[in-house]
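Enquirer: Pasting a predicted model and its sequence here:
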Amino acid sequence: MTFAPTTKGAKTAMLAALLMVRVSRGISVGHRVSPAAVAAALPAAGTEAPPHSWVAQSAATAHAPLCVNSGNGELLQCRRVRFVVHADADGPVPLQVRFRGNPAEDVSLAASINGHPLTDVTESDSVGCKVSGSRSGASADRDDMAARCHRPALHRGLNTVLYQFSTEVSVRELLVLRSTPSLGNPGSMGRKGPARGGAALAATAPFETYEAEDQKCTGKVIGPAYRSYINTTDIASEASQRRACTLSSPGDAVEITLTSPGNVAELRFSIPDGAQAALEVGVIGPNGTTNTFQIQLTSQFIWLYGASISPSSKNPFFGMAHRFYDEVTVRLPLPAGASSLLPGTRIAFAFPSAVNATASTAPITIDLVDVYDVSSPLAPPSTGFVSIVDHGADPSGKTDSFLAIVDAVNAAVAQKKAVWVPEGRYLCSSGVTLPTGVTFRGAGPFHSVLVGTPWFMDSPKAVGFYANKTGSAAVQVLDLGIEGQVTGRNNSAQSQGVGGNFGVGSLFQNLRIRHTKVGGFLIGSPHQTDVHWVGVSVHNTFADGITHHKYSGTTVEGCHIRNTGDDGVALWSGSTQADANTNCTIRNNHISLQYLASGISLYGGSGHLVTGNTIADTLENGGGIHVCGDCFAALPMSGTFRILNNTVLRGGGMSFWGKSELALGGFGALNFEAQVVNMTDATVIVDDLLLLDSPFSAVQFVTIGTSHAIRGVDLERGDSRSWCVCACP
C-alpha cells in the first residue's frame with residue numbers, strides 16, 4: 001500500500017529551517033520487490049578494499065568516553081580505544097594502531113582481547129605483522145605517526161579489542177591487516193536479506209537463515225499480510241517477510257538444504273493458543289542417510305491480547321491478538337566423528353504422522369529456521385578465576401544454583417578474580433547482582449546457560465544480571481546464554497537479561513538472551529558512560545531489546561534482535577542536560593519483528609550515530625527508524641545526529657493508539673515526530689538510506705497538535721509519492 005502525499009499539517013511542518021534533515025546521496029525507496037531484487041540493489045559483498053581500517057575521525061562518536069576529539073578533524077586524544085574485529089576462524093590476526101605520542105617511542109601499549117586482563121604489547125608480538133595491500137580512508141603514511149603491531153589470538157566471530165596507552169596520544173587509525181583467517185564478509189547478516197553497504201563488518205551473524213516460504217514447502221504458504229492486533233488474526237502479519245508456511249496434515253513439511261555447515265537449528269514457529277504440538281524432524285545427509293526424531297512445541301510464550309502494554313494479558317476476551325511466534329532450539333544429530341552437518345544436508349520439519357497423547361493435531365506454522373555452526377566449548381582461563389561449580393552450582397539443572405552463583409561472585413570479588421561458568425545448564429531462581437570490576441564468563445552461549453524458574457508478573461528479580469543500586473562499573477559478562485521463563489510484561493517487575501546502573505568500562509559480549517521481559521535495560525543513576533554491547537542476540541522478549549536511559553558514549557554493535565515487545569534498540573535521554581543521552585552509537589545490527597514500537601528509536605539527546613544497520617518487519621505502533629525530539633519527557637534533541645548507510649525492509653507498522661498515523665494507515669519506515677515541543681534545535685543527517693517494500697509511508701513527519709513543528713526538512717532524491725506530513729489533533 002502506498003499513501004499519496006498529504007497536506008494535513010504541511011503548513012505546520014514546513015515552517016522555518018532550524019531542524020535540518022539532509023540526504024547527501026539520497027533515500028532510495030521501492031515497493032514489493034523480491035529478495036533477489038533486494039540483493040541486486042545492494043553493493044556486492046566483499047567490495048571493501050583491504051586492509052580494513054577504523055579511521056579516527058569516523059570513530060569519534062563511537063568512542064567519545066574513551067577518546068576526545070583533538071579538534072583537527074582527523075585525530076583523537078586517547079588513553080584507551082576499543083573496537084571490534086570479526087574473524088572467520090580461531091587463530092592470530094595482525095592488528096596495527098597508528099598514533100602520535102610525546103614522544104611516540106616512549107609510549108607503552110597494553111591490549112585486552114575479549115575482556116581478558118590487559119597485557120603489554122612488546123616487540124616480540126609484532127612477528128608476522130607485515131602490512132599488505134593499500135590503506136583505506138584517511139590513512140596515508142605520515143612520518144610523524146608511530147605504529148604498533150601485534151598478532152593476538154581471536155575467536156571465530158566477533159572480538160573486542162581494547163588498547164590502553166601509558167599516556168594520552170593522538171590516535172589516527174586502527175588497522176586489521178589482511179591475513180588468514182580473513183575478516184568476515186562485510187555485507188553478510190547471516191540471513192538471505194543482505195546488510196546495507198560494505199562497512200558492516202560487525203554485522204556478520206553466526207548463523208544462516210532459511211525463510212520457510214522460500215524453501216520447499218509442501219504445506220500452504222500464507223501471506224503476505226500486514227495487520228496484527230485485530231480480532232480476526234492473520235499470523236502471516238507477524239512473520240518475517242510477512243509470509244510463512246503452515247503444516248496442517250501428515251505429509252506437510254518445510255525442507256531446507258544447508259548452504260553452509262551447521263549443528264544447531266533455531267526454529268521460529270506458531271501454534272494455536274493453549275496448544276502443545278509435536279513436530280517431526282528428519283536429517284538427510286548428502287549420502288542419503290536419514291535420522292528422524294520428534295520435538296515438542298509449546299504456546300507458553302506466545303499469544304497476548306488487548307491494547308494494554310503493561311500488564312499484558314493472555315485473556316482472549318480482550319481481542320486484538322498479537323505475539324504469534326516463538327522459537328525452539330534443536331541440536332541436530334551428527335555423523336560419528338563430525339562436528340557439523342555438511343552443506344547439501346537436507347533438514348525436513350514435518351507435521352507428524354503420529355503424535356503423543358499430550359500433543360494436539362493443530363496446524364503448525366513455520367516462519368524461518370536459523371542454522372548455527374556452534375564451536376566447541378571455550379576452555380576456562382588458565383588462572384585467575386573462580387568456578388561456580390566449585391561453589392556448589394549444579395550443571396545438570398536439577399537443583400537451584402542461585403546461591404552458589406552468588407557465593408562464587410563474592411569469592412571472586414574477595415580474591416580479585418573472574419567468575420567462570422563451566423559447560424552446563426544451571427537453574428537460577430533469581431537475578432545475580434554484579435559489583436564493580438567483576439568479569440562473569442562462560443564457555444559459550446549454547447554451552448553455559450542460566451535457566452530461569454517460572455516467573456509471574458508480580459515476582460521479584462528473574463534470572464539475569466543486575467548492577468548495584470549505586471552503580472557497577474567495569475563489569476564484563478561474556479559467552480553465556482540466559483533463558484528466562486517470562487510469559488508477560490509488567491513494567492513494575494524486574495526481568496532483564498541485563499539491567500540497572502552499569503557504568504564506565506562495562507562490556508556485554510556474545511550473550512544469547514531469550515524469554516526475558518527485556519534483553520538489556522540500563523538506567524544511569526546518576527548519568528553513566530562507556531558501555532559496549534557486542535554480538536548479543538536478544539529474541540522473544542516482552543518489552544525492549546536493548547535500551548539506554550541517561551547514558552553517554554555507549555555502543556551497540558553486531559547484535560541480532562528479533563521479536564521484541566518494544567523498541568529493538570532505543571536511546572532514551574533523561575529530561576535534564578545532566579542526564580542527557582549523548583554521543584551513542586548503534587552500529588551494524590540486525591533488528592526485526594518488533595510487535596510494538598520501532599526497530600531503532602532515538603528519544604531526545606544529542607550527537608548519536610546510527611550506521612550500518614538492517615531493520616526489517618516492524619509490526620505495530622512504530623517505524624523502522626524513529627526519531628522523536630522529545631518523547632517520554634526526553635530532553636529535546638540538539639546537536640548533530642547521523643543516520644548513515646542503513647536498510648529498512650518492510651518497515652513501519654499499524655497504529656492502534658488513535659493518533660493520526662492511523663488516518664495514514666500507520667507509521668513510516670523512517671519516522672520523525674515532535675510531541676510536546678518543536679523539533680528545532682538539532683541537525684539530523686540522513687545519508688545512504690534504503691527503504692524497501694514499506695507497508696505504509698516510506699518517510700513520515702508527525703507533530704502532536706498544530707502548534708508544534710518539525711522545521712526545515714530537505715529530503716533530496718527521495719520518492720515523493722511515499723512521503724507524508726501530518727499533525728495529530
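Expert: Yep, that arrived.
Enquirer: Return the residues in contact with the closest residue to I561 other than its chain neighbours.
Expert: Of all residues not flanking I561 in the chain, G545 sits nearest, at 3.8 Å (Cβ to Cβ, 6 or more residues apart in numbering). C-betas here are computed from N, CA, C, even on glycine. Shown in contact with G545 (Cβ atoms under 8 Å, 6 or more residues apart in numbering): 518-520, 538, 559, 561, 564, 566-569, 591, 594.
Enquirer: Closest one to I295 out of those, please.
Expert: Set against I295, the nearest of the contacts of G545 by Cβ to Cβ is V538 (22.9 Å).
Enquirer: And the top strand by length along the chain, how far out from the chain middle?
Expert: Assignment by DSSP state E gives strand 157-176 as the longest strand of the chain. Taking Cα atoms, centre = their mean, to the nearest Å, one finds the center of strand 157-176 at 24 Å from the center of the full chain.
Enquirer: Now do the contacts for the nearest residue to K517 once chain neighbours are set aside.
Expert: With Cβ to Cβ, 6+ apart as the criterion, K517 has its nearest non-adjacent residue at 3.7 Å, and that residue is S495. S495 sits next to 455, 459, 461-462, 464, 484, 486, 516-518 when contact means Cβ under 8 Å, 6+ apart.
Enquirer: now swap in L304 and tell me
Expert: Shown in contact with L304 (Cβ under 8 Å, 6+ apart): 312-314, 321-323, 488.
Enquirer: Quick check: PyMOL command selecting the buried ones in the residues you listed.
Expert: Buried members of the contacts of L304, defined by 16 or more other Cβ atoms under 10 Å, are picked up in PyMOL with:
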select buried, resi 312+314+321+322+323+488
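Enquirer: so where's the stretch 51-200 of the chain uncertain?
Expert: For the stretch 51-200 of the chain, applying pLDDT under 70 flags the ranges 51-76, 101-105, 123-145, 172-173, 175-200.
Enquirer: Let's see that with 50 instead.
Expert: Within the stretch 51-200 of the chain, the ranges that satisfy pLDDT under 50 run 51-65, 68-73, 131-143, 178-200.
Enquirer: which stretches of the chain form helices?
Expert: 10-13, 35-41, 56-59, 402-415 (DSSP state H).
Enquirer: worst average pLDDT in the ones you listed?
Expert: Mean pLDDT is lowest for helix 10-13 out of the helices of the chain, coming in at a mean of 24.
Enquirer: Tabulate the contacts of S495 (JSON lines), appending pLDDT, distance to D630 and neighbour count.
Expert: Formatted as JSON lines, the contacts of S495 follow (pLDDT from 0 to 100; distance: Cβ to Cβ, whole Å; neighbours: other Cβ atoms under 10 Å):
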{"residue": "W455", "pLDDT": "66", "distance to D630": "34", "neighbour count": "25"}
{"residue": "S459", "pLDDT": "58", "distance to D630": "34", "neighbour count": "18"}
{"residue": "K461", "pLDDT": "75", "distance to D630": "32", "neighbour count": "18"}
{"residue": "A462", "pLDDT": "86", "distance to D630": "32", "neighbour count": "27"}
{"residue": "G464", "pLDDT": "95", "distance to D630": "30", "neighbour count": "28"}
{"residue": "G484", "pLDDT": "95", "distance to D630": "33", "neighbour count": "27"}
{"residue": "V486", "pLDDT": "91", "distance to D630": "31", "neighbour count": "27"}
{"residue": "T516", "pLDDT": "95", "distance to D630": "29", "neighbour count": "29"}
{"residue": "K517", "pLDDT": "94", "distance to D630": "26", "neighbour count": "29"}
{"residue": "V518", "pLDDT": "95", "distance to D630": "23", "neighbour count": "29"}
